[in-house]
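> Attaching a predicted model along with its sequence, questions to come.
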Amino acid sequence: LSSPLDPQKRGLMVPRGSLRRGILMPKQGGMAKETKADYYELLGVSRDASEEEIRRAYRKLAAQLHPDRNPGNPEAEERFKQVSEAYEILKDPEKRKIYDLYGHEGLESGGYSPGFQSIDEIFMHFGDLFEGIFGTSAGPRRGRGPRRERGADLEMAITLSLEEAAFGAKKELTLRYPSTCRACRGTGAEGGLLSPCEGCRGQGQVHFKRGMLFISTTCPQCGGRGQVARGICPECRGSGEELIERKVEVEIPPGVDNGHVLRKAGMGQPGRGGPPGDLYVKIQVAPHKRFKRDGHHLHTHVEVPFTTCCLGGEIEVPTLEGKSAKLHVPPGTQPGSILKCEGLGIPHLDGRARGDLICHVQVAVPKHLTPRARELLLELREALGER
């Protein structure tokens, strides 16, 4: 996790960008019941449409449904949100693949929360696209106060036990991120009090004459702000920012694996008048002392008595749940043989199936023999014709 603030030492959250998004989704069989409109139908494209065709279709619909062209029309605004949601999914190859295979339920199971809460959020996501349509990326010009800004996305890596990754868990996370200092309202001045700069008389620029030219430049005393602090804010020491600490509870779905990234919409840094950002949780799974994971299967070594290997029978083997299960051992089982307990491995993310417990046989040879046991083994060796 790369961060100039070294989150491992200070526990600080960093803007999104260093982690890879996406969760590897297991096969779900395509049986999910769809309740939302089909994304391809919303954009009016075929299911094999290219990325450029999808982009052109969205640009056309966005131009028709833009709020500036449909003022006071809630139906157009709602449809604008729907087609934007469809474009957000279909323009991303990874999300599109999940949607093609498993539909809306597959996206939700994978930690994606598609959709937009407001029109402003759409313009923040697709600013470059709207710049190409309307010559501006700022969205509709409403002229109502300062521009709303969406909060930054946050990232965090957590370590789970193999049991938590397999069966799910609820984890309380502590988020730390810089925010506007409440004591000085981001000015860096004590009490938020600022005075006009004496160097530029509050103009932010200074002017001087050089030869026949009049030159204007940024005021070196106030940095162009036109105001200077009367005193340094003791809370932020003049930086204008303070460290915010917030606790959130995150639900980990059963079946996650090492390297998976969960997206929790709206759990990121609060916005300035806009919606909050998202939280991206990267999963790390700690090694287990007995079981080794291989996809949805678990591997373990089991000791089988010598006589059971010869004659066959059943033994009890431990499971990840902490219980025991019966394992059938066929007659003549050799050392290193692989036996399987079906359905005792790792659950799939969709909860519809589960991997197997793979048992690697190790023959348990007795270290101490009674005189009678030794006599019987000598008779057995003779009966088997061994030298």
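Looks like it arrived, so ask away.
> Which parts of the stretch 1-150 of the chain are helices?
With helices called from DSSP state H, counting those that start in this stretch, the stretch 1-150 of the chain shows them at 7-10, 39-43, 51-65, 74-90, 93-109, 119-125, 127-134.
> can you redo the ones you listed as TSV with mean pLDDT?
Below are the helices of the stretch 1-150 of the chain laid out as TSV (pLDDT from 0 to 100):
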stretch	mean pLDDT
helix 7-10	37
helix 39-43	91
helix 51-65	88
helix 74-90	87
helix 93-109	84
helix 119-125	63
helix 127-134	51
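> Out of these, which is closest to Val281?
Proximity to Val281 (Cβ to Cβ) singles out helix 7-10 among the helices of the stretch 1-150 of the chain, at 13.0 Å. In this view, the C-beta of every residue, glycine as well, is placed from N, C-alpha and C.
> Go through the helices of the stretch 1-150 of the chain and name the closest to Glu235.
Per Cβ to Cβ, nearest to Glu235 of these: helix 7-10, 18.3 Å.
> circling back to that earlier point, same list (the helices of the stretch 1-150 of the chain) but as TSV, adding distance to Gly274.
Output for the helices of the stretch 1-150 of the chain, formatted as TSV (distance: least, Cβ to Cβ, whole Å):
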stretch	distance to Gly274
helix 7-10	25
helix 39-43	25
helix 51-65	20
helix 74-90	15
helix 93-109	23
helix 119-125	6
helix 127-134	13
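> Point out the one among those that comes closest to Arg182.
Per Cβ to Cβ, nearest to Arg182 of the helices of the stretch 1-150 of the chain: helix 7-10, 20.7 Å.
> rewinding a little: which one of the helices of the stretch 1-150 of the chain lies closest to Val250?
helix 93-109 (15.4 Å).
> quick check, distance from that closest one to the centre of its chain.
Helix 93-109 has its C-alpha centroid displaced from the chain centroid by 15 Å (Cα atoms, centre = their mean, to the nearest Å).
> and the angle from it to helix 51-65?
Between helix 93-109 and helix 51-65, the angle comes out at 60 degrees (axes from the mean of the first three to the mean of the last three Cα atoms, to 10 degrees).
> export helix 93-109 as CSV, just CAs?
Below are the C-alpha coordinates for helix 93-109, written out as CSV (Å, rounded to 0.1, in the frame of the first residue of the first chain):
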residue,chain,number,x,y,z
PRO,A,93,-14.5,-4.5,-18.8
GLU,A,94,-14.3,-6.2,-15.4
LYS,A,95,-17.7,-5.0,-14.2
ARG,A,96,-19.2,-5.8,-17.6
LYS,A,97,-18.0,-9.3,-17.5
ILE,A,98,-19.5,-9.9,-14.0
TYR,A,99,-22.8,-8.3,-15.2
ASP,A,100,-22.9,-10.4,-18.3
LEU,A,101,-22.4,-13.6,-16.3
TYR,A,102,-24.4,-13.0,-13.1
GLY,A,103,-26.5,-9.8,-13.6
HIS,A,104,-27.2,-7.2,-11.0
GLU,A,105,-27.0,-9.8,-8.2
GLY,A,106,-23.4,-10.7,-9.2
LEU,A,107,-22.4,-7.0,-9.0
GLU,A,108,-23.8,-6.7,-5.5
SER,A,109,-22.3,-10.0,-4.3
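> now that helix and helix 74-90, what's the angle there?
110 degrees.
> Would you mind listing the buried residues in helix 93-109?
94-96, 98-99, 102-107, 109 (16 or more other Cβ atoms under 10 Å).
> ok, now stretch 65-85?
65-67, 76-77, 79-85.
> Burial check on His368, number of neighbours?
5 (other Cβ atoms under 10 Å).
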